[in-house]
Structures are given as C-alpha cells and as structure tokens.
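K.L.:
need a 3D model of the following:
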Amino acid sequence: MQRIQKVSTYLIWVFNFLLIAYPLFIISWWFLIDWEPFKSLVREGHIFTPIAAPEGVVNLANVAFTPFTKMVWLAGNFIGFAPLFLGLLILKKLFTNYKMGIIFSLQNAEKYKYIGGLFLINAFLTAPLSHMFDVLAVTLSNPPGHRYITLSFGTPNINDIFCGILILCISWVMAEGYKLQEEQSLTI
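P.N.:
Next up is the predicted model:
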C-alpha cells in the first residue's frame, strides 16, 4: 500500500507539471512558428507532423501564417488538448485518492468512467474538430476556392473508441466490485 501511495505522490507531481507545461508549450508555438531555427525543426518533422489537407500533405514550415491563421491554428490545438487536460485533472484526483489510501471506491470508479467518456469525446468530437481547424489554418492563405474545412474520421478515432469502451468496462467492474465489498462488509 505504501508503494502505491509513494508512486501516486510522484505521479501527482508529473500531472501538475504537465497541466502547466503543455498549455505553455502550445502557446509558445504561436510565437515560435515564424522563427527560422524553429521552422527548420518543423520542416524536418521533429516537432510537427505534416497536416493532410485535401490538396495534399502540408508542412507547417511552408505555410505563411498571419495572426488570424495562427489564432485558428491555436484554437484547433486547444480543442485537441482539452480532453488531455481534463484527463490529467481527473487522473490527479484519482491518484490523490490513491495517495490517501482510497483504492476501491465508487469515486474512483466514477473517475475511470469520466476518463473513458473523455476518450469517446475525443474520438467523436475534439479530434475531428482539431483536425478541421488545422486544415483550415493551413489553407486560409490559399486563393479563394482552395480553402478547406474538412471533418475526418479514421483509424486513430477507432483506437480512442476502443480505449474508451475498455475503460468504461473497467469502471463498471470497479463499481460492481465496490458494491460486492460493501455487501460483504455488512454481512455478519
């Protein structure tokens, strides 16, 4: 039990760091995308993967970003980041319970249910919307008639759906296990 509590303490620190660092990292992209050393990293694919647009694959280093297209791109990144951010908050609460010694509880089962729901929300809503904003941002500088808004659904979405259903099943099993534990504790 002490190992779980010790590891939970470390993971809470990691989650706190990620809750601060990742949004700052996304915002820093907005400022760094026009800086040539950063662009060379983007061009080589070390930082961003190219975006698949209807006219072909677009490398972000080759896009002429305006402040408006940067804002569209930033909005897409924050939409895509929202499930991860919420998931980190839920994991932080879950591991806080573990740190306090609360392992099998109805609260923890509910937190797993929320995480499973976040996977499904990501698969059906935020990932397609984020990609839509990415495609819009890279095609806004194109001439009229060559700007696109696309919604796509593919294999990564199916992976999120599978993970979401799996985590929802785990939360259901944990809730049933908690109910059985409560019944046994009341039996004399």
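
K.L.:
buried stuff in stretch 146-160?
P.N.:
N157, D160 (16 or more other C-beta atoms under 10 Å). Every C-beta, even on glycine, is put in place using the N, C-alpha and C of the backbone.

K.L.:
who touches it?
P.N.:
Stretch 146-160 is contacted by residues 53-55, 119-120, 122-124, 127-129, 131-132, 135-136, 139-140 when judged by C-beta atoms under 8 Å, 6 or more residues apart in numbering.

K.L.:
what about the helices in the chain?
P.N.:
For the chain, the helices defined by DSSP state H cover 2-32, 36-43, 67-99, 106-121, 127-139, 155-186.

K.L.:
and the helix or strand of the chain with the lowest mean pLDDT, which strands flank it?
P.N.:
Lowest by mean pLDDT, DSSP states H and E among the helices and strands of the chain is strand 51-53, with a mean of 80. According to DSSP bridges, strand 51-53 forms sheet pairs with strand 56-58 (antiparallel).

K.L.:
got any ranges where this structure has weak pLDDT?
P.N.:
The model of the chain has pLDDT under 70 over residues 188.

K.L.:
are any of the contacts of stretch 146-160 buried, and if so which?
P.N.:
Buried among the contacts of stretch 146-160 (16+ other C-beta under 10 Å): 53, 119-120, 122-123, 127-129, 131-132, 135-136, 139-140.
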